[in-house]
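Colleague: predicted model follows, preceded by the sequence.
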Number of protein chains: 2
Amino acid sequence: MRSASAVFAEFGYSGGSLRAIAASVGVSPATLIQYFGSKEGLLEAVLEAWTEQTHELYARDLQGLPYFRALAELMTFHVNHRGLIELFLTMAAEASSPVHPARAFVQRRYGQTFEEFSRHLRETRDHGETALTEREIATEVHMLIAAMDGLELQWLIDPAFDLRGLFEVYLDQAITRWTAPRGS
Amino acid sequence: MRSASAVFAEFGYSGGSLRAIAASVGVSPATLIQYFGSKEGLLEAVLEAWTEQTHELYARDLQGLPYFRALAELMTFHVNHRGLIELFLTMAAEASSPVHPARAFVQRRYGQTFEEFSRHLRETRDHGETALTEREIATEVHMLIAAMDGLELQWLIDPAFDLRGLFEVYLDQAITRWTAPRGS
DNA sequence: GTCTATAACCGGATAGAC
DNA sequence: GTCTATCCGGTTATAGAC
């Protein structure tokens, strides 16, 4: 399963052949089909495994601002498990095509992340630490997700990129913005 | 040429077949090979055309802050010419693989954008409008590129996404940060 | 359960007709 | 110049042996 993820992550869904995956796993392509029914079935299994892996990481008991601060640690984990990001971003870009088998997954994933981030930001507001409107929350969450994806993308292209450090800068600026007294 | 770009943009390099491109253009696959030598040759031509198209847009006489403010208009153009972004982001994500034929192009492109943005931000500093250190400039440029790519990615997944509006928010915050008196 | 063998098809690329 | 026809390797998927 980890092998399949790695191949899809590196070559995309179109570019990642069952043969390559089978060879990487150490079985025959036929065996993969037996297990997963089809290439698309294998992709679904890979995406499901991806979701489980990332859920373990996100599933913390943190709420509000501490939750966001913990995202920086998540980045460090990502740097040490490159495949997770590589898989998601490759699928996300490939899935700009409406017929891509991972499109629904990517859309769902973005929706869930948006909701989760929004919930924690509302939590922050309800505790009186911020005074953001609903609209501002939506804006900030979209920008936070964009910063994460965009920095990750630059890191994929250039492994020397300081992903954690730059994300921490963004995060600090964002939290400052959220908690600072309202400007005009 | 525009047809080929559209196919590569939608299906990626692996997923975009010569047959599909040829059908889209209205010629035979053999004709494409005659012109471009190989599929990879065709991709190079597509990327070159992409560079020319975007260069026309960036090539303004604006310097410093007005240059950055003009990026918002660029976003509007992108919204109306989805293929440009779709092609670049699809290639960028696919090119996380070291053997991808577009990898060098994507790396070069990121480098050029980084240098161009940095130059304009230095310009801003030299005019006394900002007081950013070299390191801060590099950080801000990386974050600006990340915001652009990340927001564009969300827009590709969800066409209803307000790309221009959200980017303007980011841009305003960034310019405020650059021009505000130094905090502690 | 996993493999080998193979079917059925699609990929890029070539040869040669027009 | 562009097409048709074709080659050949790769792709997914199936059938049946072990």
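Modeller: Now that the structure is in, tell me what you want to look at. Numbers count the residues shown, from 1 in each chain, chains lettered A, B, ... in the order given.
Colleague: return the distance of residue A:59 relative to DNA strand C.
Modeller: Applying CB to the nearest atom of the strand, to the nearest Å, the value for residue A:59 to DNA strand C is 31 Å. All C-beta atoms are positioned from the backbone trio N, CA, C, and that covers glycine.
Colleague: count the neighbours of that residue for me.
Modeller: Using other CB atoms under 10 Å in any protein chain shown, residue A:59 is surrounded by 8 other residues.
Colleague: next, count neighbours for residue A:151.
Modeller: One way to gauge burial is a neighbour count; for residue A:151, by other CB under 10 Å, it gives 27.
Colleague: my bad, should have said residue A:87
Modeller: The burial metric for residue A:87, expressed as a neighbour count using other CB under 10 Å, is 25.
Colleague: ignoring the adjacent residues along the chain, who's closest to residue A:63?
Modeller: Nearest residue to residue A:63, sequence neighbours excluded (CB to CB, 6 or more residues apart in numbering or on different chains): residue A:123, at 5.2 Å.
Colleague: ok, now which ones touch residue A:117?
Modeller: A:68, A:141, A:144-145 (CB atoms under 8 Å, 6 or more residues apart in numbering or on different chains).
Colleague: name the member of those residues with the most neighbours.
Modeller: Taking other CB under 10 Å as the neighbour criterion, residue A:144 ranks highest of the contacts of residue A:117 with 21 neighbours.
Colleague: off-centre distance for whatever helix or strand the residue nearest to residue A:63 lives in?
Modeller: If you go by DSSP states H and E, residue A:123 is part of helix A:103-126. Averaging C-alpha positions (CA atoms, centre = their mean, to the nearest Å) puts helix A:103-126 12 Å from its chain's average.
Colleague: just the mean pLDDT for it, thanks.
Modeller: Confidence for helix A:103-126, expressed as mean pLDDT, is 97.
Colleague: send me it as CSV with only the CA atoms.
Modeller: Taking C-alpha atoms only, helix A:103-126 is exported to CSV below (Å, rounded to 0.1, in the frame of the first residue of the first chain):
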residue,chain,number,x,y,z
ARG,A,103,-11.6,14.6,-8.2
ALA,A,104,-14.4,13.9,-5.7
PHE,A,105,-11.9,12.9,-3.1
VAL,A,106,-9.9,16.1,-3.5
GLN,A,107,-13.0,18.3,-3.4
ARG,A,108,-14.3,16.5,-0.3
ARG,A,109,-10.9,16.8,1.3
TYR,A,110,-10.7,20.5,0.7
GLY,A,111,-14.2,20.9,2.1
GLN,A,112,-13.4,19.0,5.2
THR,A,113,-10.2,20.9,5.8
PHE,A,114,-12.0,24.2,5.3
GLU,A,115,-14.7,23.2,7.8
GLU,A,116,-12.2,22.0,10.4
PHE,A,117,-10.0,25.1,10.2
SER,A,118,-13.1,27.3,10.3
ARG,A,119,-14.4,25.5,13.4
HIS,A,120,-11.2,26.0,15.2
LEU,A,121,-11.1,29.7,14.2
ARG,A,122,-14.6,30.2,15.5
GLU,A,123,-13.6,28.5,18.7
THR,A,124,-10.9,31.1,19.0
ARG,A,125,-13.4,33.8,18.5
ASP,A,126,-15.8,32.4,21.0
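Colleague: buried sites along that helix?
Modeller: Judged by neighbour count using 16 or more other CB atoms under 10 Å in any protein chain shown, the buried positions of helix A:103-126 are A:103, A:105-106, A:109-110, A:113-114, A:117-118, A:120-121, A:124-125.
Colleague: now those as CSV including distance to residue B:29?
Modeller: Supplementary listing: these in CSV, determined by distance: CB to CB, whole Å:
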residue, distance to residue B:29
A:103, 27
A:105, 32
A:106, 31
A:109, 36
A:110, 36
A:113, 41
A:114, 42
A:117, 46
A:118, 48
A:120, 52
A:121, 52
A:124, 56
A:125, 58
